[in-house]
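**Q** Build me a structure from this.
(3 chains)
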Amino acid sequence: MSFLTLENLKKSFGQTQVVHDFSLAVGKGEFVSLLGPSGCGKTTVLRMIAGFETTSAGRIRIDGQDVTALPPARRQIGMVFQAYALFPNLTAAGNVGFGLRVAGVPRRERAARVAEMLALIGLPDLGDRYPFQLSGGQQQRVALARALAPRPRVLLLDEPLSALDAKIRVSLRAEIRELQRTLGITTIFVTHDQEEALSMSDRVVVMHQGRAAQVGTPAEIYDSPANAFVAGFVGQLNRLPARVVDAGTGRVELAGHPLTLAATLPASGQVTLAARPEAFRPAPAGLPVEVETVEFLGALRRVHARLPDGSALVFDMFNSPDAPAPRMGERLTLAVDPSAWIVEAA
Amino acid sequence: MRLWSWLGFALGAVFMVLPLVGMFEFSLRARRGEYSLDAYRSVLGDPQFQATFAYSVVVAIVTIIAGVLLVVPTAYWVRLRLSRLRPVMEFVTLLPLVIPPIVIAFGYLRQFNTSSFLPLTGSARGTDFLLVMGYVTLSLPYMYRAVDTGLRTLDVATLTEASQSLGASWVTILSRVILPNLWPAVLSGAFLSFAIVIGEYVFAALLDRPAFGPYMVWVGGNRAYEPAALAVIAFGVTWACMGLLTLTGRLAAHHRAARR
Amino acid sequence: MTITAATPAPVPAPPARRLHVGGTLAAWIGVAPFIAFALLFLLLPTLTVVIGAFRAPGGGFTLEHVAGLSQPRIVSAFWISIRLSLATAALGCLIGFIVAAAVTRGGLPEGLRSGVMTFSGVAANFAGVPLAFAFIATLGRLGFMTVLLREWFGFNLYATGFNLISFWGLVLTYLYFQIPLMVLVITPALDGLKREWREAAEVLGASRLQYFRMIAMPILWPAVLGTFALLFANAFGAVATAMALTGSSLSIAPILLFAQIRGDVLQDPALGYAIAFGMIVLTAVANLISILLRGRAERWLK
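**A** Just a heads-up that it's a prediction; the model follows:
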């Protein structure tokens, strides 16, 4: 039984349609990310759920109630904005208590709830600080507490981490997810950062040109992208031109090297083979490459290499003492799991 | 909401436009029973008008030059070397908005009278000079603010370091690097100063200079329709100044965009 | 008489950079011309006035001149000036705020806004003598509106007790530059209100009014107070408009001072000093109050 339902949402600004027929059902307590490049319509969808944008067509239901025509103030939604959306004239406690104050919650009850929320976000002693006295990470945590204090039915997060430093971003990611689980609140998270989306979500909606390109768990999105856009947008992908030799047995020729694939192939002609960097590993025999540069990424080494026909290939190697890094100009042969290849018509 | 906005805007617009319509209509009434440009003819043909207007234009131009020479190097220097002086500068340059001009003018009369250490009021040239200094003071808040804002967008320190590394002297840096980049800001300050100075009354009257402001008051006391014509002319001058100001602002923005 | 193109917003000072331009002394020489100018043509003249207000004819200190301000004629002039400045500053702030809010936030077309700003720049500077002429031409006994109302609507404005050469006539005239000045100064502040604040308030359940009262107004308040003080000083020091409008029939403080200086018959030469001193004190107090209130309202700002 879904808690938040979007049915055939459409949105046009003047002549341009930015959201096409977008539907989504989110279960109670689920954490769903809308992932996509800027201009893909993800923020517009979020703003329609919040009520800041009217829908050109379609319905939005929360817990069975049709909220499509309700103003934002009556939707019982919590929202965290990209950055600096705390009220600068109120203290942290004042910000957190704002929603309760406008709802007419008595002062004592309000103070208790504010203290509870501040403790929950790990800032129990900073209630008297004004936003300018807080760091970016603290501000966003206060913003989260502010959104959650009135016990909203749905939590909307609009790129809440994008203005923060890399390190805080990662730690806050985990905190948000944990808080969300604890409270069991239905959450929609908008981001352009695939790492955030994949690491935090129960499900991810990859958006492209106002449509859902794929909806699935992070693993589904990453391992079996539904189409070329998803494959290219989520994770790094090698895309190599190949020639079909025998569609029946799955034999192709890649840069003069014969391969056998598990995927179904078009009868003949050219195809594009795609595979992620981690699908390759050095082996005594296989795809011949020449190493160009090696990037050191900590636990991994990312190797940039070339195939005999000149096309570029990127693959990852684990960083371990017994496997020394390949040197520039070194020739290697790579083995690939036949099922790792994604075949696209050329 | 939008309806209320339109209503608020419309009421404001009516209040602001009516006096303009009024003065224009009135200025055309010089001939009984029909509209004519007689009032304008009479004003423009008056040698007194020509003399006082020319005098005020000259004073305004000298004021602008003096103001630029005073403010640009100072604002530049404060931004570059003496940033701890900035609160003081803010304060001093805002003082002319707080101290009534008539008080400053009164101070001048007392401080620079014929028996003082600097008897500027003793000669016509000296009084002209004093008038210009008074006007520089009056326009200081606008001039300083405009130039300082301009400097803020320039990144003075980097420009200066770059010029210094190429061996430029201070005069060269100011006149060849800073000033050309600052033109839009300087011009906007200049047009504002012009608008303030051209019809100024208190300083000119108290220092007894043959300026446009006192002339207008005189006409106001002695003629019926000419004052409205003068008001139209003065409004035109102010409008031209502000139009040029907006234009330089747009050109500067355009220029900046083009450079990017 | 006064216009401001931008709010004097506090700007965070950039980190100081070390440049090789000689020692500290050299640094101060760079601002020496300005210091000399400010001393000679701004600070010393003001000081002369202040000292003059307390100097006995033979030298030495006296409070006699300042005590002379208690003459009924002078007290009433100051009182009219204060009321005039308060009324025009308050109405100017209120109406200017409404107009600025309508233009920036009210969903009016974008083109209207730049037109209003340019016009405000002109109108805020269209003060002094020509402004008085414009109002006489419009609302004087033979003015455009007066005639129009009488001939088209049979309404005799002056029969209602209205007189342009009166306190409220002056208020009306002053508003012509006070309102646009407020518009010019407050618009950048209104632009500084972030859309996210309104949206955050909305989604938390606040009504428009609650947002305005609890968020927008407290944020704008310092700017409004600062502008109020500016408008007050602006009206308090205005001489030309009032003189051209009323001759000297309406006795306000600056006109009194003007007459005192001009007349220079000087039954009491020190009285001019005292009046000028009183004017400085009043505008200073107005600004001080606004700064103090602002300090309280701005405690959430660095």
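
**Q** Run through the bridge partners of the closest residue to residue A:24 other than its chain neighbours.
**A** Of all residues not flanking residue A:24 in the chain, residue A:6 sits nearest, at 4.6 Å (C-beta to C-beta, 6 or more residues apart in numbering or on different chains). Yep, even glycine has a C-beta here, placed from its N, CA and C like the rest. Beta bridges link residue A:6 to residue A:24, residue A:60, judged by DSSP bridges.

**Q** residues touching residue A:6, list them.
**A** Each residue near residue A:6 by C-beta atoms under 8 Å, 6 or more residues apart in numbering or on different chains is listed here: A:22-25, A:45, A:49, A:58-60.

**Q** if you set the cut-off to 7 Å instead, what comes out?
**A** A:22-24, A:58, A:60 (C-beta atoms under 7 Å, 6 or more residues apart in numbering or on different chains).

**Q** so what pLDDT did it get?
**A** pLDDT for residue A:6: 93.

**Q** burial of residue C:296, as a residue count?
**A** Per other C-beta atoms under 10 Å in any protein chain shown, the neighbour tally for residue C:296 reads 10.

**Q** pLDDT weak spots in the chain?
**A** No chain was given, so I picked chain A. A:1, A:345-346 (pLDDT under 70).

**Q** not what I meant, chain C
**A** For chain C (pLDDT under 70), the answer is C:1-23, C:248, C:264-268, C:298-302.

**Q** Report the separation between residue B:115 and chain A.
**A** Here the criterion is C-beta to the nearest C-beta, to the nearest Å. By it, residue B:115 lies 56 Å from chain A.

**Q** what does residue B:48 give?
**A** For residue B:48, the distance to chain A - C-beta to the nearest C-beta - is 57 Å.

**Q** Of all residues in the stretch 51-200 of chain B, which one is closest to chain A?
**A** Proximity of the stretch 51-200 of chain B to chain A (C-beta to the nearest C-beta) peaks at residue B:87, 19.5 Å away.

**Q** Check the gap between that residue and residue C:292 for me.
**A** 17 Å (C-beta to C-beta, to the nearest Å).

**Q** related to what we said a few turns ago, sec struct for the residue of the stretch 51-200 of chain B closest to chain A, please.
**A** helix (DSSP: H, G, I helix; E, B strand; the rest coil).

**Q** and it, how many neighbours?
**A** 11.

**Q** what residues are up against it?
**A** So residue B:87 contacts nothing (C-beta under 7 Å, 6+ apart).

**Q** And the pLDDT at it?
**A** For residue B:87, the model assigns a pLDDT of 86.

**Q** Count the residues that sit near the closest residue to residue C:50 other than its chain neighbours.
**A** Distances taken as C-beta to C-beta, 6+ apart place residue C:277 nearest to residue C:50, at 5.7 Å, with adjacent residues excluded. Look at residue C:277: counted by other C-beta under 10 Å, it has 21 neighbours.

**Q** And the one helix or strand residue C:277 maps to, what's buried?
**A** Per DSSP states H and E, residue C:277 falls inside helix C:269-297. For helix C:269-297, a neighbour-count test (16 or more other C-beta atoms under 10 Å in any protein chain shown) marks C:270-280, C:282-283, C:286-287, C:290, C:293-294, C:297 as buried.

**Q** tell me what it is packed against?
**A** Packing contacts for helix C:269-297, counted by 3 or more C-beta pairs under 7 Å, 6 or more residues apart in numbering or on different chains; DSSP states H and E, involve helix B:86-98, helix B:101-111, helix C:44-52, helix C:64-67, helix C:72-105, helix C:217-237, helix C:253-263.
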